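Peer 1: Build me a structure from this.
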Amino acid sequence: LANASWYAGDKYIQNDAWANATFDVAYNDQVKYIVDLLKLTESDPLYANLHQIARINRVMIFHRLTDLYGDIPYFEAGLAFHEKNYTPKYDSQQDIYMDMLNELDEAAQALDPAGDVPGSGDLIYGNASDPIIQWRKFAYSMMLRLAMRMTEADPGAAQQWAERAVAGGVFESNADNAFINHDANGGRVTVNRNSNILSGEWNATNTGEVFLSKTFVDYLADNNDPRLGVFSRVLSSGDTDPANQIGLPNGLDQNGGEFDISTDPNFPGDITNYSTIREDVFLSLSGPTFVLNYAQVELLLAEAAQKGYSVGGTAAEHYDAGVTAAMEFLAQYNAIATIPAADITTYLAAHPYDAANGEAMIGAQYWVASFLDWYEVWSNWRRTGYPALTPVDYPSNATGGVIPRRMLYPSHEASNNPTNFAEAIERQGPNTFLTKVWWDAR
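Peer 2: Got it, this is the predicted structure:
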């Protein structure tokens, strides 16, 4: 996305509240409760499967946290009530990754299809015909994602765990996709927060705040991608014709000077003539949030096959399956986003997999398949370098015009947990946007 006003994301301006938000919310509202659930179910055979699902969810929470911040409290986190540990130590990301992989493996193997089923309280797979099997697939699919995240930092372990994930059984179709359908009636607690921010609470896409970036729109347009008209609409008119979409260059605003929108060579006369997100497809307050999708899995398998891992099938086969799935699953947002099978076939025929350019092709498609999941897009870009991006050197930015590599620890950690905080800084590096996390080793 490109931000035309006070949003700081594509300008690398330091806003501590935003940079700290996931850390504070996750530890207060996610880690605490998942640890409570683990403690409550660990010795009760009536909730054996629920306990394993909680282990998988704990990995999901920490996966995002460590990818954003690097070294974080992990092994001792969430134990203030249970063990009176109010100052948990920060663990190295490498140790966290090894434990998360082991947790997924053990939990997946321990799931019993004949055992307890969480039921309607399971917001991801509660309505599945066999939710326990689905959670097992989810665990191994997340294992694959974690494994591939390590390709630059520990290639041997990456291959070992990727192959183990495939042997365990990863997603096989879009029917396996992990997503949560939200409820528009519950306020901030239950609504889709992407929609809440982009078209609801702040009304951003309707007031000229947020647009699709030129990088994204041009990539789709240059490749005649049938998804362009599904993703975008001209803000002023609602026009979804792919030929009329214009992306906003990242870093521009309405403040005058070098970075004013009017300096764009393709400036369409008014800011509202740029393209923004199609509200009728993606921004329902009751719409889904995707946690992990089959398209991502297939594209990771394509990369694994390209690297010579034993994951079954060729890189080209997995690539075609991933692109197909990425186009087809958009209908899970809204049926009006259905892309005809013939259009998908035409696209693949015009853009056959080329092993010599395989990493770039896979990286670009993974980017598009992860639309609205900025956590995953940013993480995969840091690991692979794809898609190729042009940095912005906006005035008063915090990085000297370099794309950030991590988020910032909250300042209160330095006062509330000073010894462990200082140890993490000494091991990982300064608490800045440019300090790389362990797996960011390209």
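Peer 1: tell me, how many neighbours does A325 end up with?
Peer 2: Using other CB atoms under 10 Å, A325 is surrounded by 22 other residues. To be clear about C-beta, it is placed using only N, CA and C from the backbone, and glycine gets the same treatment.
Peer 1: Buried ones in the host helix or strand of it, by neighbour count?
Peer 2: If you go by DSSP states H and E, A325 is part of helix 315-328. Residues of helix 315-328 classed as buried by neighbour count (16 or more other CB atoms under 10 Å): 315-316, 318-328.
Peer 1: what residues does the helix or strand hosting R383 touch?
Peer 2: Per DSSP H and E: R383 is located in helix 374-384. Residues outside helix 374-384 that contact it (CB atoms under 8 Å, 6 or more residues apart in numbering) are 64, 67-68, 148-149, 151-152, 296, 359, 363, 366-367, 370, 386-387, 389, 405, 436-437, 439-440, 442.
Peer 1: and if you look at stretch 386-399?
Peer 2: For stretch 386-399, using CB under 8 Å, 6+ apart, the contacting residues are 10-14, 215, 219, 250-251, 257-259, 359-360, 362-364, 366-367, 380-381, 400-404, 432-434.
Peer 1: Got a PyMOL select line for the buried ones in the residues you listed?
Peer 2: This is how PyMOL selects the buried members of the contacts of stretch 386-399, with burial counted by 16+ other CB under 10 Å:
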select buried, resi 10+11+12+13+215+219+250+251+259+359+362+363+364+366+367+380+381+403+404+433
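Peer 1: Next step: the contacts of stretch 386-399 restricted to helices.
Peer 2: By the criterion of DSSP state H, membership of the contacts of stretch 386-399 in helices covers T215, Y219, E359, A360, I362, G363, A364, Y366, W367, N380, W381.
Peer 1: and the second one, how far is that from A326?
Peer 2: Summarising the geometry, the distance separating Y219 from A326, computed by CB to CB, to the nearest Å, is 13 Å.
Peer 1: where do the contact lists of the two overlap?
Peer 2: Jointly contacting Y219 and A326 under the rule CB under 8 Å, 6+ apart are V368.
Peer 1: Quickly list what N181 is bridged to.
Peer 2: On the basis of DSSP bridges, N181 is bridged to P288.
Peer 1: Show which residues not belonging to stretch 90-108 make contact with it.
Peer 2: Contacts with stretch 90-108, where a contact means CB under 8 Å, 6+ apart, come from 52-53, 55-56, 58-59, 62-63, 66, 70-75, 135-136, 139-140, 142-143, 146-147, 149-150, 153-154, 157, 161, 164, 168, 420-421, 423-424, 427-428, 437-439.
Peer 1: so how far is it off the chain centroid?
Peer 2: Computed by CA atoms, centre = their mean, to the nearest Å, the chain-centroid distance of stretch 90-108 equals 19 Å.
Peer 1: Name the residues of it that come out as buried.
Peer 2: Per 16+ other CB under 10 Å, stretch 90-108 contains these buried residues: 90-94, 96-98, 100-101, 103-105, 107-108.
Peer 1: do stretch 69-83 as well
Peer 2: Y69, G70, D71, I72, P73, Y74, A77, G78, L79.
Peer 1: For the first one, list the residues it contacts.
Peer 2: This means Y69. Y69 touches T22, F23, R406, M407, L408, Y409, V437, counting by CB under 8 Å, 6+ apart.
Peer 1: switch the cut-off to 6 Å
Peer 2: Y69 makes contact with M407 under the criterion CB atoms under 6 Å, 6 or more residues apart in numbering.
Peer 1: Report the separation between it and S379.
Peer 2: From Y69 to S379 the distance is 12 Å (CB to CB).
Peer 1: what do you get for the last one?
Peer 2: L79 sits 27 Å away from S379, taking CB to CB as the criterion.
Peer 1: likewise the third one?
Peer 2: As judged by CB to CB, D71 and S379 stand 16 Å apart.
Peer 1: For stretch 392-412, measure first residue to last.
Peer 2: End-to-end distance of stretch 392-412 (CA to CA, to the nearest Å): 30 Å.
Peer 1: buried residues in it?
Peer 2: 392, 394, 397-399, 403-410.
Peer 1: My guess is Y274 contacts F211. True?
Peer 2: Yes: the criterion here is CB atoms under 6 Å, and Y274 meets it with F211 at 4.6 Å.
Peer 1: joint contacts of the two?
Peer 2: With CB under 6 Å, 6+ apart as the test, Y274 and F211 both reach L248.
Peer 1: what mean pLDDT does the helix holding R383 have?
Peer 2: Per-region confidence: helix 374-384 scores 97 on mean pLDDT.
Peer 1: swap in stretch 34-49?
Peer 2: In this model, stretch 34-49 has an average pLDDT of 97.
Peer 1: so which helix or strand takes in A342?
Peer 2: Using DSSP H and E, the element containing A342 is helix 341-350.
Peer 1: Could I get the CA-only coordinates of that helix as PDB?
Peer 2: Output of helix 341-350 as PDB, limited to C-alpha atoms (Å, rounded to 0.1, in the frame of the first residue of the first chain):
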ATOM      1  CA  ALA A 341     -10.500 -20.900 -15.000                       C
ATOM      2  CA  ALA A 342      -9.800 -20.000 -18.600                       C
ATOM      3  CA  ASP A 343      -8.200 -16.700 -17.500                       C
ATOM      4  CA  ILE A 344      -5.900 -18.600 -15.100                       C
ATOM      5  CA  THR A 345      -4.900 -21.000 -17.800                       C
ATOM      6  CA  THR A 346      -4.200 -18.100 -20.200                       C
ATOM      7  CA  TYR A 347      -2.100 -16.300 -17.500                       C
ATOM      8  CA  LEU A 348       0.000 -19.400 -16.800                       C
ATOM      9  CA  ALA A 349       0.600 -20.100 -20.500                       C
ATOM     10  CA  ALA A 350       1.800 -16.500 -21.000                       C
END
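Peer 1: What mean pLDDT does that helix get?
Peer 2: 98.
Peer 1: center of the protein, which residue is that?
Peer 2: Central residue of the chain (CA atoms, centre = their mean): E376, 2.6 Å from the mean position.
Peer 1: Pull out the buried positions in the lengthiest helix in the chain.
Peer 2: Criterion DSSP H: the longest helix present in the chain is helix 48-69. Buried residues in helix 48-69, defined by neighbour count with 16+ other CB under 10 Å: 48-69.
Peer 1: Then stretch 435-442?
Peer 2: Buried residues in stretch 435-442, defined by neighbour count with 16+ other CB under 10 Å: T435, V437, W438, W439, D440.
Peer 1: Can you pull out the low-pLDDT segments for this structure?
Peer 2: In the predicted model, the chain carries pLDDT under 70 at residues 4-8, 200-203.
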